[in-house]
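Trainee: Kindly generate the corresponding structure for this input.
(chains A and B)
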Amino acid sequence: MLTIKKKTAALLADRISSVFGSDLVGADELVRMLEYPPDSSMGDLALPCFRLSKSLRRSPVQIAASLAEGFECEEFSSVTAVNGYLNFKINPTAFARRVVGDVFRLGDKYGSSQSGVGKTVVLDYSSPNVAKPFHIGHLGTTVIGHSLKLIHQFEGYDCVGINYLGDWGTQFGKLIVAYKLWGDKQQIERGGVDELVKLYVRINNEIKAEEDASVAENPDAPRHSALGDAARAEFKRLEDGDEENLALWRWFVSVSLEEYQKTYKLLGIEFDSYKGESFYTDKMPAQVQKLRDMGLLELDDGASIVNLDKWNMPVCLILKRDGSTLYPTRDIAAAVYRQETYGFDKAIYVTSAAQSLHFAQWFKVVELMGYGWYDRLVHVPYGTVSINGAKLATRTGNVILLKDLFDEAISRVAEITREKHPDPEECMRIAEQVGVGAVVFYYLSNNRMRDINFVMEEALSFDGNTGPYVQYTYARTCSVLERAGSTGKMNDVPLTDGEMELVKCVALFPEKVAQAMAEYEPSVITRYILDLAAAFNRFYHDCKIIGCEDESLRETRIALTAATNRVLHTALELICMKTPEKI
RNA sequence: CUACCCGUGGCACAGCUGGAUAGCGCGUCAGACUCCGACUCUGAAGGCCGUAGGUUCAAAUCCUAUCGGGUAGGCCA
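Mentor: Predicted coordinates:
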């Protein structure tokens, strides 16, 4: 399948060499040079000839004129030179026929260039911390990460989605102490992760109180807490394989996971691996030894570090003064394991931009260690989220749990759908798809690097550029097709501007998918969906479809609707949106 | 102090591998449709693209400086 640009570039390359007898400009180069004019009245595609003027030693105006002179082919109804631009007007019927034909022929593969066939990509995303709240701060990594996985799968990659759970560390010592002191098994079984969080918050407060008291008593002595000591001791026992503590730890993890699964299910997310931090504890020493053997490790103030001065970065800490490991150590060990296990062509890490330095550092360390695959590591950062203008803070209670966010969204939608759908089950199903979709669409509308101020009212709005708007449009196409009873057929009828705009928009999809993947940017798809929905709604408004008198025109319009329906479906799924046929 | 990210109409955002009159949504005002689904569509008002220099035939887009906001920076993750 060829996109308009590729097809045009191929024709142009021939044209240029036959007119100027020069092979200076290749088709690939021309694809990059071609652009869409700001106004379609100028043309559907344009080649600015300014950059060619140096190599062809002629003025842009002359070049455009020479190329336009007698340039005829069936693809274009006209090729004209305007102020140094070579403007192409597409032959509408042939073009529409080809585009819609591609959509019908390729079905749910339309838009994919299959550029990832035979390659493997590992995606590390979502990764919540066990026994800590799963809140909207995790929405970015979860939704962007999964969307990137879907996009890569669509392009033919073998994908491994990894939920790198925060399931190890001193917080488990604290949790064990807290549970033994105040915990209630049945309460946790009933209340789930919320109860664990309560225990965790309580012990942290008590430890802080003890420390403050110790300072008040003797300002010169270091801060101290008996509970803190107990927590460290329990974690040590856990590390040493104490059965009782291990059992508790497993239980805490499974209770937390159970809760997260509910949210994942709403979003349609499944992971291929849940290997968390705990899995890598025994894989770190080998990497530390390798660093030491290679002479990369330096002692600094008792800690083991890798000096990164040469690369204008602060040192990367590998071991604490007491010899215990750190975050970068674990990430390096995990990357090595994943390369050995999956042989990835790309490993993508979706985390907050706040961690950019951390990733830059350990990526560099991996390179220094001589691992040839260091350049396959990709950090995909995203901006931070605030709520109503205020920063997220567990302590002050300024958090919105993901499950509460989705519950709220769903119940608001349910109030509206209830009138239309008396069947409670159907009503809830639709409310779920639309409510969750509204939040996801809102989040994925922006450039991922932009900081988001999360305003519930806006996220759940139904007007304008929103999830409900595009899902509604999709449902409308479904309804039209159902009433039509067929998927139509492209006939040789003249197309209006509105119809052509829709066809051009459909034709753009493959480019957008490629761009979204190249930039690791799901919002490219989100905005494309908006364009497509708008183009369809204009078409829908201007043209009678089912009620069209002319049979061959009616069939054509139904086919256009079917193509739109197909692409909307594919595109929505790429950004973790459900596609309800009725709303 | 150093590094990275962001700074586009009242609000929230596209456009940034330089290219033809800077786009979309919300809000405001005025219309159309009320039909294939409660929706949607059309038009108007509103921007010296943070500021100042520079490169170029051409700068919202590249470079430099500067201001404002955010994030990170050795024993947390």
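
Trainee: Is there a neighbour count for the closest residue to A:Phe536 other than its chain neighbours? I'd like the number.
Mentor: The shortest distance from A:Phe536 to any non-neighbouring residue, by C-beta to C-beta, 6 or more residues apart in numbering, is to A:Thr564 (4.9 Å). For the C-beta atoms, the positions are set from N, CA and C on the backbone; glycine is no exception. A:Thr564: 28 surrounding residues under other C-beta atoms under 10 Å.

Trainee: Need phi/psi at A:Gly383.
Mentor: A:Gly383 adopts backbone torsions of phi -70, psi 160, taken as degrees, to the nearest 10.

Trainee: mind listing what it touches?
Mentor: With contacts defined as C-beta atoms under 8 Å, 6 or more residues apart in numbering, the neighbours of A:Gly383 are A:140, A:352-353, A:448-452.

Trainee: Farthest pair within the residues you listed?
Mentor: Between any two of the contacts of A:Gly383, the greatest separation by C-beta to C-beta is 12.8 Å, found for A:Ser352 and A:Arg450.

Trainee: more neighbours, the two?
Mentor: A count of neighbours by other C-beta under 10 Å puts A:Ser352 above the other of A:Ser352 and A:Arg450, at 15 against 12.

Trainee: Following the host helix or strand of A:Asp212 in sequence, what is the next regular element?
Mentor: Per DSSP states H and E: A:Asp212 is located in helix A:193-217. Downstream of helix A:193-217, the first helix or strand assigned by DSSP H and E is helix A:226-239.

Trainee: Which residues belonging to that next one are considered buried?
Mentor: For helix A:226-239, the buried set under the neighbour-count rule, 16 or more other C-beta atoms under 10 Å, comprises A:227-228, A:230-231, A:234-235, A:237-239.

Trainee: and the residue of chain A nearest RNA strand B?
Mentor: Residue nearest to RNA strand B within chain A: A:Gly464 (2.1 Å; C-beta to the nearest atom of the strand).

Trainee: what number of residues lie near that residue?
Mentor: Neighbours of A:Gly464 under the rule other C-beta under 10 Å: 9.

Trainee: Confirm that A:Ser445 sits in a helix.
Mentor: No: counting by DSSP: H, G, I helix; E, B strand; the rest coil, A:Ser445 falls outside a helix, being coil.

Trainee: Leaving aside the residues adjacent along the chain, what's closest to it?
Mentor: Spatial nearest neighbour of A:Ser445, excluding adjacent residues (C-beta to C-beta, 6+ apart): A:Thr526 at 5.2 Å.

Trainee: and what of A:Ile318?
Mentor: Nearest one to A:Ile318, counting by C-beta to C-beta, 6+ apart, is A:Ser304 at 4.8 Å.

Trainee: tell me the pLDDT at that neighbour?
Mentor: A:Ser304 is assigned a predicted lDDT (pLDDT) of 96.

Trainee: Just list the residues touching it, thanks.
Mentor: Counting by C-beta under 8 Å, 6+ apart, A:Ser304 touches A:288, A:291-292, A:297-298, A:317-319.

Trainee: can I assume it sits in a helix?
Mentor: No: judged by three-state DSSP, A:Ser304 forms no part of a helix; its state is strand.

Trainee: Can you tell me which residues in the stretch 351-500 of chain A are near RNA strand B?
Mentor: Residues of the stretch 351-500 of chain A lying close to RNA strand B by C-beta under 7 Å from any atom of the strand are A:353-358, A:383-384, A:391, A:416-417, A:419-420, A:445-447, A:449-453, A:458, A:463-465, A:469, A:472, A:475-476, A:478-480, A:483.

Trainee: Can you say which of these are buried?
Mentor: Neighbour-count burial (16+ other C-beta under 10 Å) applied to these gives A:353, A:383, A:416-417, A:445, A:452, A:465, A:469, A:472, A:475-476, A:478, A:480.

Trainee: mind listing which of those are in helices?
Mentor: In helices, judged by DSSP state H, the following of these are found: A:416-417, A:469, A:472, A:475-476, A:478, A:480.

Trainee: Next, format these as CSV and append pLDDT.
Mentor: Shown next, in CSV, are these (pLDDT from 0 to 100):
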residue, pLDDT
A:Ile416, 83
A:Thr417, 84
A:Tyr469, 91
A:Tyr472, 91
A:Ala475, 93
A:Arg476, 92
A:Cys478, 94
A:Val480, 92
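
Trainee: any chance of the residues you listed in JSON lines, with distance to A:Ser113 too?
Mentor: Shown next, in JSON lines, are these (distance: C-beta to C-beta, whole Å):
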{"residue": "A:Ile416", "distance to A:Ser113": "39"}
{"residue": "A:Thr417", "distance to A:Ser113": "38"}
{"residue": "A:Tyr469", "distance to A:Ser113": "28"}
{"residue": "A:Tyr472", "distance to A:Ser113": "30"}
{"residue": "A:Ala475", "distance to A:Ser113": "29"}
{"residue": "A:Arg476", "distance to A:Ser113": "29"}
{"residue": "A:Cys478", "distance to A:Ser113": "27"}
{"residue": "A:Val480", "distance to A:Ser113": "29"}
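
Trainee: Which two of those residues have the greatest separation?
Mentor: Spatial extent of these (C-beta to C-beta) is set by the pair A:Ile416 and A:Val480 at 22.1 Å.

Trainee: where does chain A dip in pLDDT?
Mentor: The model of chain A has pLDDT under 70 over residues A:22, A:394-397.

Trainee: Spatially central residue in it, please.
Mentor: A:Ile144 (2.5 Å; C-alpha atoms, centre = their mean).

Trainee: residues in contact with A:Cys505?
Mentor: Shown in contact with A:Cys505 (C-beta under 8 Å, 6+ apart): A:531-532, A:535.

Trainee: Equivalent analysis for A:Leu530, please.
Mentor: A:465, A:469-470 are the contacts of A:Leu530 under C-beta under 8 Å, 6+ apart.

Trainee: try 6 Å this time
Mentor: Contact analysis of A:Leu530 by C-beta atoms under 6 Å, 6 or more residues apart in numbering lists A:Asn465.

Trainee: what about the helices in the stretch 301-450 of chain A?
Mentor: Remark: helices assigned in the stretch 301-450 of chain A by DSSP state H, counting those that start in this stretch are A:327-342, A:356-368, A:402-420, A:424-443.
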